[in-house]
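[1] Just the structure for this:
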Amino acid sequence: MGDVNQATSAAARAPKQDRSRATRQRLLEAAVACLAEHGWAGSTVAVVAERAGVSRGAAQHHFPTREDLFTAAVEHVAEERSTALRELFPQGA
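    Have a look, this model is predicted:
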């Protein structure tokens, strides 16, 4: 019986985890766009949350501080660029 409950629980969590990942992705993309448009001084958690279409509370759930949000956004851009470069120049090519 415990296995059934665990399987059901895992299945129920998957959509929530997907939504959480999607929210985090929207926040990162919005943060990058805000930095590009408004710079550091004009980019706040509230502005990013509005642009991402989420509440400020949801933004702060994922990124407790402004610094956490924008550090993650810069890391996100760096990872995207690294991935693009690896695709352009595969190892052994």
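
[2] what's the pLDDT at Gln6?
    Note on Gln6: pLDDT of 60.

[3] repeat for Ala12
    pLDDT for Ala12: 60.

[4] repeat for Ser82
    For Ser82, the pLDDT comes out at 93.

[5] Check whether it sits in a helix, strand or coil.
    Three-state assignment for Ser82 (DSSP: H, G, I helix; E, B strand; the rest coil): helix.

[6] Renumber starting at 20 from here on
    Fine by me, first position is 20 from now on; the one you just mentioned is Ser101.

[7] got a list of what it touches?
    Contacts for Ser101 (CB atoms under 8 Å, 6 or more residues apart in numbering) come out as none. To be clear about C-beta, it is placed using only N, CA and C from the backbone, and glycine gets the same treatment.

[8] State the distance from it to Glu94.
    According to CB to CB, to the nearest Å, Ser101 and Glu94 sit 10 Å apart.

[9] tell me the average confidence for stretch 60-75?
    Mean pLDDT, computed over stretch 60-75, is 97.

[10] Give the buried residues for that stretch.
    The neighbour-count check on stretch 60-75 (16 or more other CB atoms under 10 Å) flags 62, 64, 66-68, 70-71, 73 as buried.

[11] Filter those residues down to the ones in helices?
    Residues of the buried residues of stretch 60-75 located in helices (DSSP state H): 64, 66-68, 70-71.

[12] The residues you listed into a markdown table, with extra columns for distance to Gln79?
    Formatted as a markdown table, these follow (distance: CB to CB, whole Å):
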| residue | distance to Gln79 |
| --- | --- |
| Val64 | 7 |
| Val66 | 13 |
| Val67 | 11 |
| Ala68 | 8 |
| Arg70 | 15 |
| Ala71 | 12 |
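
[13] Pick out whichever of these sits closest to Gln36.
    The shortest gap between Gln36 and any of these belongs to Ala71, at 18.0 Å (CB to CB).

[14] Confirm for me that that closest one is in contact with Ala52.
    No. Look at Ala71 against Ala52 with CB atoms under 8 Å: they stay out of range, at 9.3 Å.
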